[in-house]
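> give me a 3D structure for the following:
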Amino acid sequence: GASFVWLAYFAPYSYEDYMTFVGACAQSDRCSVETIGATLDGADMEVLTVRAAGSDASEDASKRSIWLIARQHPGESQASWWMEGCLARLLDEADPLSAKLLEGATFRVVANMNPDGSRRGHLRTNAAGANLNREWAKPSEVYSPEVFHVLREMQQSGLDFCLDVHGDEALPYNFIAGAEGIPSWTTRLASLQKEFCIAYERANPDFQLVEGYDVDAPGEA
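As a prediction, this is how the structure comes out:
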C-alpha cells in the first residue's frame, strides 16, 4: 500500500486537538465556555471564562479583566501549545499562583481566533482571506466575523490587559511585540508594557528582551 510522510514547519495542533482541549477545560469548576458567534464556515467562536471556584459574573466589576487570544494566524500552532500550558495552570486548583491571580482578575480566553483557517490549513488568513491581525480597527461580520464578535465581547466586559499569542517562522525566541504604532499609544501604556516585560523576564527564564521585532514608529502599526 501507499506510504505517507507528513511534514510540519511547526509542531501540529489540529482543530480536533482544540476541541478536546476545550472539552477538558469545561470540566473545571473554574471554567465556563460560551459561544459568542459563528465564523464564515459556521464554526463556533468560543470564549472560555476562568474565575475563582465559587465566584460568578457579579464579582467581575471588582476585578481586572484579562483577555488571552491565540491563533489569529492559524498556521502558528505554537500559540495553541502556549495556551494549553497557560490554561492548565489557571485551572490547577493546587497551584497557589493561579489562585492568587484569580483573586484579583477574571480571565477570558479565545484559544482559537481562527477556526476556519485552522481547519482549512491556512497560514495567516480566515475563510474570506482576511488577516485577522489587521482587522481590529473596523471588523466586519461578512469579512472578519471572528474579530467582530470578540471585539464586541471585549467592549462589553472591559479590558485591562490583552495578550495576543503568535509564533514566528524565523525568530526562535520568546518576546513581546508591543502596540507602539497605534494612534492611542501613550507614555503610560509604554511604562506599563515595560513593567510587564521586566516582570515576565524575572518570572520565566525562557522569556528575553534582546531578540524580537523592530518597534513600530507612531502611526505605523
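
> for residue 101, give me its contacts.
Shown in contact with residue 101 (C-beta atoms under 8 Å, 6 or more residues apart in numbering): 90, 107. Every residue, glycine included, has its C-beta placed from N, CA and C.

> so what does the residue nearest to residue 173 when sequence neighbours are not counted have for phi and psi?
Leaving aside its sequence neighbours, residue 173 sits nearest to residue 211 (C-beta to C-beta, 6 or more residues apart in numbering; 4.2 Å). With angles defined as degrees, to the nearest 10, residue 211 sits at phi -90, psi 140.

> how close does residue 211 sit to residue 69?
In this view, residue 211 and residue 69 are 23 Å apart by C-beta to C-beta, to the nearest Å.

> now the strands for this protein?
For the chain, the strands defined by DSSP state E occupy 31-38, 44-50, 64-70, 105-110, 161-165.

> what bridges to residue 110?
Note on residue 110: beta-bridge partners residue 69, judged by DSSP bridges.

> check it and give its pLDDT.
Per-residue confidence (pLDDT) for residue 110: 98.

> ok, now which ones touch it?
Residue 110 sits in contact with 45, 46, 47, 48, 67, 68, 69, 70, 150, where contact means C-beta under 8 Å, 6+ apart.

> could the C-alpha coordinates of stretch 106-121 be exported in CSV?
What follows is stretch 106-121, C-alpha atoms only, in CSV (Å, rounded to 0.1, in the frame of the first residue of the first chain):
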residue,chain,number,x,y,z
THR,A,106,-11.2,37.3,35.6
PHE,A,107,-9.6,35.7,32.5
ARG,A,108,-11.4,35.5,29.2
VAL,A,109,-9.7,33.2,26.7
VAL,A,110,-10.2,32.8,23.0
ALA,A,111,-7.9,29.7,22.4
ASN,A,112,-8.6,29.7,18.7
MET,A,113,-9.4,33.0,17.0
ASN,A,114,-9.4,31.5,13.5
PRO,A,115,-11.2,28.1,13.5
ASP,A,116,-11.8,28.2,9.7
GLY,A,117,-8.2,28.9,8.9
SER,A,118,-7.1,26.1,11.2
ARG,A,119,-9.3,23.5,9.6
ARG,A,120,-8.5,24.7,6.0
GLY,A,121,-4.8,24.7,6.6
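
> now do the helix ranked longest in the chain against strand 161-165, angle only.
In the chain, assigned by DSSP state H, the helix with the most residues is helix 187-203. Inter-element angle recorded for helix 187-203 and strand 161-165: 60 degrees (by axes from the mean of the first three to the mean of the last three C-alpha atoms, to 10 degrees).
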